[in-house]
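Asks: Quick one, structure for this:
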Amino acid sequence: MLEKGMSRRRMFGVGAALAGFAVSGCGTTQSNTAAAEPSSTSPYPIAGDSAVVAKAAPAPANNSPAAVAARHAGEQPQQWGVEMPGIISTFAATGKQLALTFDACGGPGNNDIDESLVNFLIAQQIPATLFLNKRWIDANQARAAQLAVNPLFELANHGVAHRPLSVTGRAAYGINGTGSAQEAADEVWANHERLAGLVGKPPRFFRAGTAHYDEVAVAIVNELGETPVGFSINADYGASASAAKVQAAMNAVAPGAISLAHMHRPQSGTGAGMIAALPTIRDMGFTFVHL
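Replies: Numbers count the residues shown, from 1 in each chain. The predicted model follows:
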């Protein structure tokens, strides 16, 4: 299973990375081993080799957003941040495996796409998990449809309005979080439905805007049938890092890492840094895998 403890995150220096995280960004031949998960038809490896390693908690019988929100109405969270039990930041690797994830945050100034980065992943046959915000999908419907049918990519949920997932309105990096259990459920669910319609099956993973959660919101995500995902490598500091800094961050890779970068800022250093770093990582013997 992907690890829910956060000790490995510190191995990747994420604490220092977070200090520079800018919310303006919101972010060799591969093995053809088929996944054993019946719901996946991707020919690309899944983290942990041949078994899906992250499962959402079993959903209650009545898991509509209204029902989930009602169960958690009035609960007062005690935790807040990018790391806590229930947020997946690493996985139990089978050998030297790395899971690349890219966010498309959507909204004003954030609806572009780094075609050089995406085309590089396609040309090099490097799989990745793409966390798409609903606003980004709506602004890039044709490109989103192309990504949805490409088995290199698993599309995941980056929310409706890129808000930190809270039940009290708590903010991160100046962005106000969702203000109630119902708002948290709605931030997840509207894009859950959008992605299910686009891909033909529900998304398995969710990452909140700014990657911040409280523990009540984490429970809400699980009850809606998705797994909250964090990161262990902050690769591009919210699409604000230079190419050299992106490359340096990625070169600190270790087996079981989940990297976070952004795919909606073509003028940032993300694309160039990734294009420089990923062949070196592959030459180090790493395999790129889906979550």
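Asks: Show me the helices in the stretch 151-291 of the chain, by range?
Replies: For the stretch 151-291 of the chain, the helices defined by DSSP state H, counting those that start in this stretch occupy 181-199, 215-223, 243-250, 270-283.
Asks: Throw these into a markdown table and include distance to residue 116, mean neighbour count and mean pLDDT, thanks.
Replies: (Glycine included, C-beta is placed from N, CA and C.) Shown next, in a markdown table, are these (distance: least, C-beta to C-beta, whole Å; neighbours: other C-beta atoms under 10 Å; pLDDT from 0 to 100):
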| stretch | distance to residue 116 | mean neighbour count | mean pLDDT |
| --- | --- | --- | --- |
| helix 181-199 | 24 | 21 | 98 |
| helix 215-223 | 32 | 24 | 98 |
| helix 243-250 | 11 | 20 | 98 |
| helix 270-283 | 5 | 20 | 98 |
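Asks: Let me know which of the ones you listed is the nearest to residue 156.
Replies: Closest of those to residue 156 is helix 181-199, at 7.7 Å (criterion: C-beta to C-beta).
Asks: now that closest one against helix 215-223, angle please.
Replies: Angle of helix 181-199 versus helix 215-223, following axes from the mean of the first three to the mean of the last three C-alpha atoms, to 10 degrees, is 30 degrees.
Asks: packing partners for helix 181-199?
Replies: Helix 181-199 is packed against helix 65-72, helix 134-139, helix 141-148, strand 153-157, helix 215-223, with contacts defined by 3 or more C-beta pairs under 8 Å, 6 or more residues apart in numbering; DSSP states H and E.
Asks: Does the residue located most distally from the centre of the chain belong to a helix, a strand or coil?
Replies: Taking C-alpha atoms, centre = their mean, the residue of the chain most remote from its mean C-alpha position is residue 74, at 28.1 Å. Recorded secondary structure, residue 74: coil (DSSP: H, G, I helix; E, B strand; the rest coil).
Asks: quick one, what contacts it?
Replies: residue 181 (C-beta atoms under 8 Å, 6 or more residues apart in numbering).
Asks: repeat that for 10 Å
Replies: Applying C-beta atoms under 10 Å, 6 or more residues apart in numbering, we find residue 74 in contact with 167, 180, 181, 216.
Asks: So which of those is the closest to residue 91?
Replies: Proximity of the contacts of residue 74 to residue 91 (C-beta to C-beta) peaks at residue 216, which lies at 24.7 Å.
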